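**Q** fold the following, please.
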Amino acid sequence: MENCLFCKIIAGDIPSAKVWEDDLCYAFRDIAPQAPTHILVVPKAHIDSVNGITVENSAVVAHIFEVIPQIAKAENLEGGYRVVSNCGADAGQTVFHLHFHILGGKKLALEMA
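**A** Numbering: from 1, shown residues only. All right, here's what the predicted structure looks like:
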């Protein structure tokens, strides 16, 4: 997608603080962190949101959930972390490329925003 911010980051057209990269996904530090550790994990293939996950592309999501614990371990999130994906504008999704937030590094509040 030529106008997708995350596709441009994956392509290297926009700089990012890369944390992880493999053939299927890319992870980088959020530029407006909501916790001491705030990393975004995105599939390299453009998928708009959770609603865009299909039988044909769900393996990449499974892969991302295999990678997330490796990233959390490398980031020393032994006390725990949160994984969040906003789906749609009403949920707060601002970039319409599927992504998962890894939040940690402190005790996180339990209430929902």
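**Q** what is the lengthiest strand in the chain packed up against?
**A** Across the chain, the longest stretch assigned as strand under DSSP state E is strand 37-43. For strand 37-43, the packing partners by 3 or more CB pairs under 8 Å, 6 or more residues apart in numbering; DSSP states H and E come out as helix 5-11, strand 25-29, helix 58-74, strand 100-104. Every residue, glycine included, has its C-beta placed from N, CA and C.
**Q** repeat that for 6 Å
**A** If contacts are counted by 3 or more CB pairs under 6 Å, 6 or more residues apart in numbering; DSSP states H and E, strand 37-43 sits against strand 25-29, strand 100-104.
**Q** need those strands in CSV (columns: mean neighbour count).
**A** Below are the helices and strands packed on strand 37-43 laid out as CSV (neighbours: other CB atoms under 10 Å):
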stretch, mean neighbour count
strand 25-29, 20
strand 100-104, 21
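**Q** format the ones you listed as a markdown table; extra columns: distance to G12.
**A** As requested, these are exported to a markdown table (distance: least, CB to CB, whole Å):
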| stretch | distance to G12 |
| --- | --- |
| strand 25-29 | 10 |
| strand 100-104 | 21 |
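**Q** now for the ones you listed, which one comes closest to E66?
**A** With CB to CB as the criterion, E66 lies closest to strand 25-29 of the helices and strands packed on strand 37-43, at 9.7 Å.
**Q** any idea of the pLDDT on the closest residue to K18 other than its chain neighbours?
**A** Excluding its sequence neighbours, the residue lying closest to K18 (CB to CB, 6 or more residues apart in numbering) is F28, at 5.3 Å. Listed pLDDT for F28 reads 98.
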